[in-house]
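Generate coordinates for the sequence data below:
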Amino acid sequence: MKNPESPVIRTAVILNSDRVYAECLRQMVLRAFPGTRVEIATTVTGAAGLLDTLSVDLFVTGIGASIDGDVLELLSRYLEPPHAGQHVLVVSARGGYRELAALRTLGIGGVFDSAAEPSEQLIEAIRTVATGVRYWSATIVDHMIRSGLSINPVVRILTTFEQLALCIIGDGSDDTAAAQELGVSPSTVSSVRRDIHRKLGVQHRGELVRVAAQYGFVRFTPGGVVRPGYSLLSAAYQAKRNKRAQYSATLRRSEPAQTSRHENAVLPLTVAFG
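Predicted structure coming up:
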């Protein structure tokens, strides 16, 4: 059985688009755990290949816009079996509220604020996460609290489905293309789009694209459009939809029994006052 105070980190993977910064992270991992095999990936696709083919004990990644691909999607897959027992540290310059909220939902073990904490502290963060103990920089937590309490129209005003739709129409897609992606009719997309325009106070599609990019629903990269956390949002929507369907089915099944009880309850009254 492993001693939680002395974890064995044989292989680590680092995902960062900046090779120089990735090399700095590699040196930090080696200082925390000398002799560890450390592989570097500069794209989400490259990191996914390493995570799928190697027995990885530690995954260190950024979530910045410079990374080509959806890191949140990668993390959601990586934290599922058979990888679920491995450790993840996200190194971020705070990032957007949606991304940080998604990391919390995913149960990420550590988020290190590279903009506020010294590099030497990163070594301690790596060691802490590797033991299975959570490490969230105090400045990251404070940033989340402040962002959550502030007026955030997209998160606070839009429904889950409207946020899901914004991920699609936020890249400029027309109603027909969005309808195919969302599995609804173009008229439904048109109606949802009008509601989003009204709630966010935007007047035209170009402004809607700007807002979608501003709040991190879409990201435009050389490799194409990335929708950070789209699969997570879709899963949350489907879960709510299934729960509503199950609740409605339960109500329908209980209606005959309730009617029967009411009818039986009336009978004595009928006899008494007949």
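
So Arg127 versus Trp136, what's the distance?
Distance of Arg127 to Trp136, given as C-beta to C-beta, to the nearest Å: 15 Å. No exception for glycine: its C-beta is placed from N, CA and C like everyone else's.

what's the answer for Gln238, then?
Computed as C-beta to C-beta, the Gln238 to Trp136 distance reads 28 Å.

Mind checking which of these two has more residues around it?
Trp136 (20 against 12; other C-beta atoms under 10 Å).

residues contacting the residue most central in space within the chain?
Nearest to the mean C-alpha position of the chain, by C-alpha atoms, centre = their mean, lies Ala102 at 3.2 Å. Counting by C-beta atoms under 8 Å, 6 or more residues apart in numbering, Ala102 makes contact with Leu72, Pro228, Gly229, Leu232.

For ChimeraX, write a command that selects the buried ones of those.
Selection of buried members from the contacts of Ala102 for ChimeraX, criterion 16 or more other C-beta atoms under 10 Å:
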select :72,228,229,232
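
which of the contacts of Ala102 lies closest to Arg156?
Gly229 (16.8 Å; C-beta to C-beta).

Which residue, other than its chain neighbours, is closest to that closest one?
Leu72 (4.3 Å; C-beta to C-beta, 6 or more residues apart in numbering).

Do I have it right that the one you found meets Pro228?
Yes: between Leu72 and Pro228 there is a contact under C-beta atoms under 8 Å: 5.3 Å.

shared neighbours, these two?
Joint contacts of Leu72 and Pro228 (C-beta under 8 Å, 6+ apart) are Ile63, Glu99, Ala102.

can you confirm the last one is in a helix?
Yes: secondary structure assignment (DSSP: H, G, I helix; E, B strand; the rest coil) places Ala102 inside a helix.

will you turn the shared contacts of Leu72 and Pro228 into CSV that also has distance to Ile40 and pLDDT?
Converted to CSV, the shared contacts of Leu72 and Pro228 look like this (distance: C-beta to C-beta, whole Å; pLDDT from 0 to 100):
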residue, distance to Ile40, pLDDT
Ile63, 17, 86
Glu99, 22, 81
Ala102, 24, 83
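
Turn these into JSON lines, including distance to Phe112.
Below are the shared contacts of Leu72 and Pro228 laid out as JSON lines (distance: C-beta to C-beta, whole Å):
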{"residue": "Ile63", "distance to Phe112": "11"}
{"residue": "Glu99", "distance to Phe112": "14"}
{"residue": "Ala102", "distance to Phe112": "17"}
